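A.B. asks: starting from these lines, generate the structure:
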Amino acid sequence: MTVSDPDPLPDVGIEAKPALLILIGLAVVYVVAFLAFGDRAYGTTIDLVASAVLASVLLALSYTDLRTGLLFDAMTLPLILLGLGYAAWNGAVLMSVAGAIVGYALVAGLAAYWRRARGYEGIGLGDAKLLAAGGAWVGLAGLPILLLIASGTGLIAALTVSKKARSAGEHVAIPFGPCLAMATWIVWCGIETLLFR
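C.D. replies: Below is the predicted model of the structure:
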């Protein structure tokens, strides 16, 4: 492999201390979003419990992705089922199922395209499952805003990291899971404000 060839499997995981600092920053964003937009989160006891579970799992997934570059099915798949269950309890299961299917299909399709065009993995199916979970929780209507927030955050992170990597002559990959998780939480807390007011 020459210096100009991209590393097909660049190191995604980061050290524990920077990952913990990023996680603390994410937790602060979660609290601010909860306090600023918490219409849904403050509704009933069920809403509050659902919000607590969602935030906890999203933060755990973010930390795992930061440290390992992986989003484990043991966390993403139950999160999809919980989102669908919560939607069924609220009578919005069709929008939730549609959000989960479209969310998965978008990232899985992008991953397949990237793999075919570039010859290596650009985004993993763990991200597809996490976006499916996000779609299950915020529904099809919330998915475009979720993607906009996640993509914008990911772009800022990529530009920041790539500038440092270029100066060091490295090729790095950026975990997208924390961006998807944060966007899911923001839209979850503020979907009524973001879509209907």
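A.B. asks: which non-adjacent residue is nearest T68?
C.D. replies: Excluding the flanking residues, the one nearest T68 by Cβ to Cβ, 6 or more residues apart in numbering is G13, at 5.1 Å. C-beta: built from backbone N, CA, C; applies to glycine.
A.B. asks: tell me the secondary structure for the one you found?
C.D. replies: Using DSSP: H, G, I helix; E, B strand; the rest coil, the structure places G13 in coil.
A.B. asks: pretty sure it contacts Y63?
C.D. replies: No. Assessed by Cβ atoms under 8 Å, G13 is found out of contact with Y63, at 11.0 Å.
A.B. asks: the more surrounded of these two?
C.D. replies: Set side by side, G13 and Y63 show unequal neighbour counts under other Cβ atoms under 10 Å, the larger going to Y63 at 19 against 15.
A.B. asks: give me the nearest residue to that one, chain neighbours excluded.
C.D. replies: Y63's closest residue in space is L23 (Cβ to Cβ, 6+ apart), at 5.0 Å.
A.B. asks: how close does A181 sit to A74?
C.D. replies: Remark: distance between A181 and A74 (Cβ to Cβ, to the nearest Å) = 16 Å.
A.B. asks: compare the two (neighbour count), which wins?
C.D. replies: Neighbour count, other Cβ under 10 Å: between A181 and A74, A181 has more, with 28 against 7.
A.B. asks: next one, pLDDT for that one please.
C.D. replies: pLDDT recorded at A181 is 98.
A.B. asks: in what helix or strand does it lie?
C.D. replies: Secondary structure from DSSP states H and E places A181 in helix 177-196.
A.B. asks: again, but for L59
C.D. replies: helix 45-68.
A.B. asks: contact partners of that helix?
C.D. replies: By Cβ atoms under 8 Å, 6 or more residues apart in numbering, the residues outside helix 45-68 that reach it are 12-14, 16, 19-20, 22-23, 26-27, 30, 34, 38, 40-42, 70-72, 75-76, 78-79, 82-83, 86, 89, 126, 130, 137, 175-178, 181-182, 184-185, 188-189.
A.B. asks: buried ones among those residues?
C.D. replies: 12, 14, 19, 22-23, 26, 30, 34, 38, 40-41, 71, 75-76, 79, 82-83, 86, 126, 130, 137, 175-178, 181-182, 184-185, 188-189 (16 or more other Cβ atoms under 10 Å).
A.B. asks: still on that earlier bit, so which of the contacts of helix 45-68 sit within helices?
C.D. replies: Those of these mapping onto helices are 16, 19-20, 22-23, 26-27, 30, 34, 75-76, 78-79, 82-83, 86, 89, 126, 130, 137, 177-178, 181-182, 184-185, 188-189, per DSSP state H.
A.B. asks: quick one: mean pLDDT over the one helix or strand G109 maps to.
C.D. replies: Secondary structure from DSSP H and E places G109 in helix 93-118. Across helix 93-118, the average pLDDT comes to 94.
A.B. asks: how far off centre is it?
C.D. replies: With Cα atoms, centre = their mean, to the nearest Å as the basis, helix 93-118 stands 13 Å off its chain's centre.
A.B. asks: mind listing what's buried in that helix?
C.D. replies: For helix 93-118, by 16+ other Cβ under 10 Å, it's 93, 95-100, 102-104, 106-108, 111.
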